[in-house]
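>>> Dropping the sequence and predicted coords here.
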Amino acid sequence: MSRFIVLLVAALLAGCMGGSTGSTGSDTPDAVVSTAALPAAPLAPVEAEVASRAYAAMVVDARNGKVLHQNSARSLRYPASLTKMMTLYMVFEQLDAGRLRPTTQLSVSANAASRPPAKRGVREGTTISVDEAARAMAVRSANDVAVVIAENLAGSEEAFAARMTRKARSLGMTQTQFVNASGLPDPNQYTTARDMAILGEKLMEGFPRWSKYFQVRSFTYRGRKWTNTNKLLGKVQGVEGIKTGYIRASGYNLVTSVKRDGRHIIAVVIGGRTGRDRNAKMEALIEEYLPRASRPGLLGVKLF
């Protein structure tokens, strides 16, 4: 109960600090994120505190962690398929450690095969390679494949989600809780634009080999070609991915990594009214803040 009260107070304070601010605004993350005390289990439910279809945004310089822009960046939101960024983070860790290979075959259960769209149509009793699974997740946000990964790495989706939450805490994502691997609707699964910016940076900087999955424009599975849901790939100079997301309660979400002229930013938009609205907001943030990222005298708060 005490943990729930602390979380409630923190979330309410964060909500009160929301609103559109620049790098000198009041919606300011802690200068140093402490990860010393990690919870042994997911936090308590906070259904009433998560804002539905509410806008939030953040832009950070990925080279030094400086916050360039933020808007309600510490207010709780539903991640939708941004959740799959953490699912893939867990896969990339296993690949780096040699416990998985791209050719490793993952077994498909009836539970995984039954998940609703978006799905890639994996069949109970078959297998899918880690490489195919990563492509399906990064390119087309496959919910069925997310469950395949969870069950093969942790035995169950519930156990995998608990691992995801603990990993989030270890990365400094202090306001994120996962309860599934896909981002399908659940009132107890929440995050913030700030936490998604941290995760985006950790993915792109920590896994330079495997994060290239987010740049894949299309892939073919069982004879069908699928194109990336991130429409900024190939359209906006320097965009490398990362991930789109949508459920009704969240609106349209996007985390983007952009590199230009030796500079690198991570930008987050949550709660777009439509996919086109989300993309337009993201493009505007990229064009405004990437050129400013290396200007002398730019003020910012260190995020990580």
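Right, received. Where do you want to start? Numbering: from 1, shown residues only.
>>> show me where the stretch 201-304 of the chain has helices.
Assigned by DSSP state H, counting those that start in this stretch, the stretch 201-304 of the chain shows helices spanning 275-289.
>>> ranges for the strands of it?
For the stretch 201-304 of the chain, applying DSSP state E, counting those that start in this stretch gives strands covering 218-221, 224-227, 239-247, 251-260, 263-272.
>>> Return the list of strands paired to the third one, each annotated with direction.
So the one you mean is strand 239-247. strand 251-260 (antiparallel) (DSSP bridges).
>>> Does residue 183 touch residue 85 like I think?
No - at 9.3 Å, residue 183 does not count as touching residue 85 under the criterion of CB atoms under 8 Å. Any C-beta I mention is one placed from the backbone N, CA and C, and that applies to glycine too.
>>> between these two, who's got more neighbours?
Per other CB atoms under 10 Å, whichever of residue 183 and residue 85 has more neighbours is residue 183, with 28 against 24.
>>> Tell me the confidence at the more buried one?
Confidence at residue 183, expressed as pLDDT, is 97.
>>> ok, now how distant is residue 263 from residue 144?
38 Å (CB to CB, to the nearest Å).
>>> more neighbours, the two?
Neighbours were counted for residue 263 and for residue 144 using other CB under 10 Å; residue 144 has more, 25 against 17.
>>> these two touch, right, that one and residue 111?
No - judged on CB under 8 Å, residue 144 makes no contact with residue 111 at a distance of 9.4 Å.
>>> Quick one: neighbours of residue 187, just the number.
Using other CB under 10 Å, residue 187 is surrounded by 14 other residues.
>>> Kindly report the same for residue 246.
Residue 246: 22 neighbours (other CB under 10 Å).
>>> What's opposite it in the beta bridge?
With DSSP bridges as the rule, residue 246 is bridged to residue 252.
>>> quick one: it and residue 252 touch, right?
Yes - in this structure residue 246 lies within contact range of residue 252 using CB under 8 Å: 5.1 Å.
>>> which residues are common contacts for these two?
Residues touching both residue 246 and residue 252 by CB atoms under 8 Å, 6 or more residues apart in numbering: residue 275.
>>> quick one: the nearest residue to residue 226 once chain neighbours are set aside from residue 220, how far?
Nearest non-adjacent residue to residue 226, counting by CB to CB, 6 or more residues apart in numbering: residue 140, 4.4 Å away. Distance, residue 140 to residue 220, by CB to CB: 11 Å.
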